[in-house]
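Structure for this input, please:
(2 chains)
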There are 2 protein chains.
Amino acid sequence: MKALVLNAFGTYPQPTELQLPALEAGEVQVEVLAAGLNRRDYYITKGLYPGVSFPVVLGSDVCGLLNGQEVLINPNINWGNDEQVQGADYHILGMPSWGGLAEYVQVQKDRIYPKPGHLSSTEAAALPLAGLTAYRALFVRGRLQAGERILINGIGGGVASMTCLFALAAGAEVWVTSSSPAKLSEAQNWGVKGIANYKEEHWAKSLLKETGGFDLIIDSAGGKGFADLAKLTKPAARMVFYGGTKGKIDGLSPQILFWRQVTLMGSTMGSDADFEAMLAFVTKHKIRPIIDQVYPAKAVADAFDTLEKSSQLGKLVVAIKGGFD
Amino acid sequence: MKALVLNAFGTYPQPTELQLPALEAGEVQVEVLAAGLNRRDYYITKGLYPGVSFPVVLGSDVCGLLNGQEVLINPNINWGNDEQVQGADYHILGMPSWGGLAEYVQVQKDRIYPKPGHLSSTEAAALPLAGLTAYRALFVRGRLQAGERILINGIGGGVASMTCLFALAAGAEVWVTSSSPAKLSEAQNWGVKGIANYKEEHWAKSLLKETGGFDLIIDSAGGKGFADLAKLTKPAARMVFYGGTKGKIDGLSPQILFWRQVTLMGSTMGSDADFEAMLAFVTKHKIRPIIDQVYPAKAVADAFDTLEKSSQLGKLVVAIKGGFD
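Down below sits the predicted model:
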């Protein structure tokens, strides 16, 4: 089959002929229609994940065909029995096990779900990992309630845009930040209540004055900016973070957080139960992932360039079927 | 009456004759037997709390006599209706309202509780604020369960020593840290499972290797050391902090926390329900607060010197009745 194969760090996956291994017990082979990309894929090409062995086929998000039906794949492998945290054997489709950037992918049969009917195959391929991460951060960890005021920091990424759509569907008052006026403007079209550009001086102070603070704050940046976010909490607020693209958290005031009885929660991915709840939520609210661009498989390098620049708003998807020609 | 009166920042309370105002509706006058000190009292003398007007009588922790019965005072004033967080009008006995470092103190009648029978008046005076803070941090916020492994960072303070006794009574495996070998040695007499000196190089790494990590970590220091504590979390662990004596939190890795799905919780004081639950817990388990030293009222300056040096292990109590002579 044709696959986008990563053979070395510092390179991007290349179209290559590859032989899949024999199916293992319980596995099925899915013909891939489209595969979503995640920041994780980019980090793996840079050697920032442990345990990579070459050649490897990346791609955690797959919409494909099984027995003539369009299906989605749950990217969780071995979450384990504890809803609170993944087990030691947990990993995600697409490294170490070969993923969706190939004409076929092999997964355990219980990873297969019908594609939500309101989504195209491209939209469905944008959903799994980002939707799972957003759902757990927002509802399972963050316990978002209708009517609450929520701030989503850095609206550009796939998870952040999904978080925004989910929060809007749940009846929250949503505010978003970005350094990009274009992204902020686009988010206003989705129905957010307010925006803030974190490159502007005193943005956090102004936002606090304007809103009175937030019940829930969702972040994936960390770094120095996290301390500004903490100042935007209402009493008994929650902060959930699922990333740390800006590095270690510095200058965080314990006094603000303990006096306000704030709860901060790390969150990553989600359990199988979270995945099913996410699919049900997306289906019920007919949510369509925000897609920045679809790249044919042969142009996957362009997609990785976009991930490198973080210039996208929403998800990047690779068209696999027909995309190698 | 005689009272220990604070008249200016940078000084300590001085024995002074003082006239109490007339009782307000619903208030009772309690004759003070003994009053516990808290770090808060020291901070107020240094001008580190807003809203101080002179003269003021400090002292949040009171055991006294009312109608011939020994009673304890709940130091909460106006917590409000939300169990999750204190309301905007919340304050604590002993600034702005006059507190227990005086022969008499006036409080609303519903603040009065019978003294637990197993405690002396000195021990009872050591209980309220530290016991309330410890109880909420450990059980309400931290949700400690029997059999869990818990780390209490900085065992010297009144809240920390109380937290340690409560955790032991609840059937947890307790580890404590300090920079003082003497305090660590004393904590071993209480029944802790292990100790660590955080002045030693690689103490956190060694402790992680020795224990495999903790289910719950309780801190009141913040600062740079908080990031070391975070590395000691088990998957799905909780960290509760009720202070920040070492200042802002720096160098905290979001990756460790989100990958392990850790929850961090700020906690301060406790609700009236927490206070009652704390009294019931202390009574049931016959817990006796660790008292470092009892000072007669006339020697209160020595007690404040000890607070300044943080050399105590456990609570400092001021003997009021008879202590002025």
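
drop to CA atoms for contacts and neighbour counts, all remaining ones
OK.

burial count for residue A:271?
24 (other CA atoms under 10 Å in any protein chain shown).

so residue A:174 makes contact with residue A:155?
No: between residue A:174 and residue A:155 there is no contact under CA atoms under 8 Å: 11.2 Å.

Excluding residues flanking it in the chain, which one is nearest the residue nearest to the spatial centre of chain A?
Nearest to the geometric centre of chain A sits residue A:130, at 2.4 Å (CA atoms, centre = their mean). Excluding the flanking residues, the one nearest residue A:130 by CA to CA, 6 or more residues apart in numbering or on different chains is residue A:159, at 4.5 Å.

So between residue A:174 and residue A:155, which is more surrounded?
Neighbour count, other CA under 10 Å: between residue A:174 and residue A:155, residue A:155 has more, with 29 against 24.

For that one, list the residues it contacts.
By CA atoms under 8 Å, 6 or more residues apart in numbering or on different chains, the contact list for residue A:155 reads A:161, A:164, A:176-178, A:183-184, A:187, A:313.

Let me know the secondary structure of the residue nearest to the centre of chain A.
Under DSSP: H, G, I helix; E, B strand; the rest coil, residue A:130 falls in the helix class.

Return the per-residue confidence for it.
If you check residue A:130, the pLDDT there is 98.

follow-up on the earlier one: neighbours of the residue nearest to residue A:130, just the number please.
Neighbours of residue A:159 using other CA under 10 Å come to 28.

Which strand or helix spans it?
Using DSSP states H and E, residue A:159 sits within helix A:158-169.

following that helix, which helix or strand shows up next?
Next element after helix A:158-169 (DSSP H and E): strand A:173-178.

Using CSV, write down the CA coordinates of the next helix or strand after that next one.
Next along the chain after strand A:173-178, taking DSSP H and E as the criterion, comes helix A:181-190. Extracted in CSV, the C-alpha atoms of helix A:181-190 (Å, rounded to 0.1, in the frame of the first residue of the first chain):
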residue,chain,number,x,y,z
PRO,A,181,-6.8,39.5,14.9
ALA,A,182,-7.9,37.3,12.0
LYS,A,183,-8.5,34.3,14.3
LEU,A,184,-10.3,36.5,16.8
SER,A,185,-12.5,37.9,14.1
GLU,A,186,-13.3,34.4,12.8
ALA,A,187,-14.2,33.2,16.3
GLN,A,188,-16.7,35.9,16.6
ASN,A,189,-18.5,34.3,13.6
TRP,A,190,-18.9,31.2,15.7
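
Return the list of helices and strands in contact with helix A:181-190.
Counting contacts by 3 or more CA pairs under 8 Å, 6 or more residues apart in numbering or on different chains; DSSP states H and E, helix A:181-190 is packed against strand A:173-178, strand A:194-197.

Can you classify residue A:58 as helix, strand or coil?
On the basis of three-state DSSP, residue A:58 is classed as coil.

Closest one to residue B:9 out of the contacts of residue A:155, please.
Among the contacts of residue A:155, residue A:177 lies closest to residue B:9 (CA to CA), at 42.6 Å.

thinking residue A:103 is in contact with residue A:322, fair?
No: the pair residue A:103 / residue A:322 is not scored as a contact, 9.4 Å apart, by CA under 8 Å.

Of the two, give the one with the bigger neighbour count.
Neighbour totals were compared for residue A:103 and residue A:322, and residue A:103 leads with 22 against 12 (other CA under 10 Å).

Would you confirm that residue A:71 belongs to a strand?
Yes: under three-state DSSP, residue A:71 falls within a strand.

Quick check: it vs chain B, distance?
28 Å (CA to the nearest CA, to the nearest Å).

Just to check, that residue is in contact with residue A:113?
Yes: with contacts counted by CA under 8 Å, residue A:71 reaches residue A:113, the gap being 5.6 Å.

The two: which has the busier surroundings?
Between residue A:71 and residue A:113, counted using other CA under 10 Å, residue A:71 has the larger neighbour count: 25 against 15.

Can you tell me which residue of the stretch 101-250 of chain A sits closest to chain B?
residue A:250 (4.2 Å; CA to the nearest CA).

dump the residue contacts of the closest residue in space to that residue that isn't next to it in sequence.
Distances taken as CA to CA, 6+ apart put residue B:250 closest to residue A:250, at 4.2 Å, once the chain neighbours are dropped. By CA under 8 Å, 6+ apart, residue B:250 lies in contact with A:248-252, B:223-224, B:226-227.

Against residue A:247, how distant is residue B:250?
In this structure, residue B:250 and residue A:247 are 11 Å apart, going by CA to CA, to the nearest Å.

Residues of the stretch 201-325 of chain A that sit close to chain B?
Residues of the stretch 201-325 of chain A found near chain B (CA under 8 Å from any CA of the partner chain) are A:222, A:235-236, A:241-244, A:247-255, A:257-268.

Restricted to buried residues, select those residues in PyMOL.
Applying 16 or more other CA atoms under 10 Å in any protein chain shown to those leaves a buried subset, and the PyMOL line that selects it is:
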select buried, chain A and resi 222+235+236+241+242+243+244+247+248+249+250+251+252+253+254+255+257+258+259+260+261+262+263+264+265+266+267+268
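
Of the residues of the stretch 201-325 of chain A next to chain B, which belong to helices?
In helices, judged by DSSP state H, the following of these are found: A:254-255, A:257-259.

Can you tell me which of the residues you listed is nearest chain B?
The closest of these to chain B turns out to be residue A:258 (CA to the nearest CA; 3.6 Å).

wait, doesn't that closest one sit right on residue B:222?
No: the criterion here is CA under 8 Å, and residue A:258 misses it with residue B:222 at 10.9 Å.

shared neighbours, these two?
Common neighbours of residue A:258 and residue B:222 (criterion: CA under 8 Å, 6+ apart): B:241, B:243.

ok, how many other residues are close to residue A:283?
Counted with other CA under 10 Å, the neighbours of residue A:283 add up to 16.

list the contacts for it?
Applying CA under 8 Å, 6+ apart, we find residue A:283 in contact with A:116-118.

sec struct for it, please.
Once three-state DSSP is applied, residue A:283 turns out helix.

And it, how far from chain B?
On the measure of CA to the nearest CA, residue A:283 and chain B end up 27 Å apart.

Pop out the phi and psi values for the closest residue to residue A:106 other than its chain neighbours.
Leaving aside its sequence neighbours, residue A:106 sits nearest to residue A:29 (CA to CA, 6+ apart; 4.5 Å). The phi/psi pair for residue A:29 (degrees, to the nearest 10) reads phi -110, psi 120.

Equivalent analysis for residue A:148, please.
Phi and psi for residue A:148, reported as degrees, to the nearest 10, are phi -70, psi 160.

Identify the residues contacting stretch A:135-149?
A:163, A:166-167, A:170-175, A:214-216, A:218, A:238-242, A:265, A:267-270, A:274, A:278.

Can you give me the neighbour number for residue A:277?
17.

how far away is it from chain B?
19 Å.

contacting residues for residue A:215?
A:148-150, A:233-238.

Now list the buried members of those.
Neighbour counting by 16+ other CA under 10 Å classes A:149-150, A:233-238 among the contacts of residue A:215 as buried.

Please flag which of the residues you listed sit within strands.
Counting by DSSP state E, these place A:149-150, A:233-238 in strands.

Pipe those into JSON lines and attach pLDDT and distance to residue B:305 per row.
Formatted as JSON lines, those follow (pLDDT from 0 to 100; distance: CA to CA, whole Å):
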{"residue": "A:149", "pLDDT": "98", "distance to residue B:305": "46"}
{"residue": "A:150", "pLDDT": "98", "distance to residue B:305": "46"}
{"residue": "A:233", "pLDDT": "98", "distance to residue B:305": "36"}
{"residue": "A:234", "pLDDT": "98", "distance to residue B:305": "37"}
{"residue": "A:235", "pLDDT": "98", "distance to residue B:305": "34"}
{"residue": "A:236", "pLDDT": "98", "distance to residue B:305": "35"}
{"residue": "A:237", "pLDDT": "98", "distance to residue B:305": "37"}
{"residue": "A:238", "pLDDT": "98", "distance to residue B:305": "38"}
